[in-house]
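# Here is a sequence with its predicted model. Questions after.
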Amino acid sequence: MTRSWIRRWATRALLLLALVPAVVQAQPAQVDEFRTLSPDEIAAGQEQIPAARLVFAAYGIVWLTFAIYLFSLWRRVSQVEAELRTVATTLEKTGR
Amino acid sequence: MKLGDRLIVVLLAVSGLMLTASPYVIDTAPYEATMGLVQRIFYYHFPMAMTMMLSAIVCGAASAWFLFRRSERADHIAVAAAEMAVVFGVLTLITGPLWARKSWGVWWVWDARITSTFIMWLVFGSYLLLRRFGGAGSEVLAAAVGFFGMVLVPFIYYSVNLWKTLHPSNSVVPSLPTSMGIPLYYCWAAFTLLFVALMSVRIRLERSRGWLERAYRAVED
């Protein structure tokens, strides 16, 4: 009873494992080089993916992130330099 | 204005102008045959990924220098580079999925390169958290973290050769036609200049913080 149960499940597991290469092969192939699209192919409408929104989002996010980062850097530098000036004045007053 | 400050302003202005013109330069590149328009994300994605790896190498090397020599200057460079790795890393990890959504039909896959890049980003995020909340002495522990972050760079770079992955292989960039290569190298130069400018400002901030700390100690004494 136990033996036949093990055999049955072992067979199923092996069948599942046999499916793995098929699933892996079903994935899109890795790209090794980029090929340019000819004007004829563009005219024939081969660029089927309307990707403009994704491209604009990518560029927009990059620009926005750098703008925010630059602002944050400028604020941190200003704060530290203002504090430095205050402390320097205090030190001068106390004659140190 | 000091010469160093002037140089930073010039670098920021040049990189800003180059990035403003970048969409026009990218527009001169032809469409890629299988991916079409969405492949244009590559012209930002790749330079940012390379800059992230450069930041990791700079942080790792400065951390090693700090661990052996306890140099304050090395520590300032390491902190600045770790922050650059996080900023350029997050942009790499955002632009990549935007590209993948159209090219692969999914936002994310747990393949070797993408996962290892994400892990490296977490390592440098941990570095910054450690510096922010670690308290006294955290700079030594953070330096060790930064060094191990750098060790991940070759692993990320060669991951596409070692494992089966959806990510484009390392042979893509050397085999690019000139019409695609020019916009790529242009954007890469712009982001590298931006990296140098931001690093200089960030190092200056760290140096000023050091002076401030010493000044406060002098006031207390």
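Thanks, I have it. Numbering: from 1, shown residues only, chains lettered A, B, ... in the order given.
# Now find how far off-centre the biggest helix by length in chain A is within its chain.
Among the segments of chain A that qualify as a helix by DSSP state H, the longest is helix A:52-93. Mean C-alpha position of helix A:52-93 versus that of the full chain (Cα atoms, centre = their mean, to the nearest Å) differs by 24 Å.
# and if you look at stretch B:63-83?
So, by Cα atoms, centre = their mean, the centroid of stretch B:63-83 is 17 Å from its chain's centroid.
# and that stretch, anywhere near chain A?
No: residues of stretch B:63-83 contacting chain A under Cβ under 8 Å from any Cβ of the partner chain: none, with a closest distance of 8.9 Å. C-betas here are computed from N, CA, C, even on glycine.
# In that stretch, which of the residues would be classed as buried?
B:63-67, B:74-83 (16 or more other Cβ atoms under 10 Å in any protein chain shown).
# before we move on, what about stretch B:105-124?
Judged by neighbour count (16+ other Cβ under 10 Å), stretch B:105-124 contains these buried residues: B:111-118, B:120-121, B:123-124.
# Return the subset of the buried residues of stretch B:63-83 lying in helices.
Using DSSP H to define helices, the subset of these located there is B:63-67, B:74-83.
# Would you point out the most distant pair within the residues you listed?
With distances taken as Cβ to Cβ, the most widely separated pair in those is B:L67 and B:E83, at 19.2 Å.
# returning to what we had before: closest one of the ones in helices among the buried residues of stretch B:63-83 to chain A?
Each of those was scored against chain A by Cβ to the nearest Cβ, and B:E83 proved nearest at 8.9 Å.
# Pull the contacting residues for the nearest residue to the closest one once chain neighbours are set aside.
Distances taken as Cβ to Cβ, 6 or more residues apart in numbering or on different chains put B:R202 closest to B:E83, at 5.9 Å, once the chain neighbours are dropped. Contact partners of B:R202, counting by Cβ atoms under 8 Å, 6 or more residues apart in numbering or on different chains, are A:73, B:79-80, B:83-84.
# Work out for me the element B:R202 sits within.
With the criterion set as DSSP states H and E, the secondary-structure element containing B:R202 is helix B:178-220.
# what is the orientation angle of that helix with helix A:52-93?
Using axes from the mean of the first three to the mean of the last three Cα atoms, to 10 degrees, the inter-axis angle of helix B:178-220 relative to helix A:52-93 is 30 degrees.
# Can you tell me what sits against stretch B:60-70?
Residues from elsewhere that reach stretch B:60-70 (Cβ under 8 Å, 6+ apart): B:71, B:74-75, B:77-78, B:81, B:139-140, B:142-151, B:153.
# And the helices in chain B, which stretches?
With DSSP H, the ranges of helices along chain B come out as B:3-27, B:42-69, B:72-103, B:112-133, B:138-162, B:178-220.
# Could you measure from B:I156 over to chain A?
Plainly put, B:I156 is 16 Å away from chain A if you go by Cβ to the nearest Cβ, to the nearest Å.
# how about that residue, what does it touch?
By Cβ under 8 Å, 6+ apart, the residues touching B:I156 are B:53, B:113, B:116-117, B:120.
# Give me the nearest residue to B:T117, chain neighbours excluded.
If you skip the residues right next to it in sequence, B:T117 has B:I156 as its closest partner in space, 5.6 Å away by Cβ to Cβ, 6+ apart.
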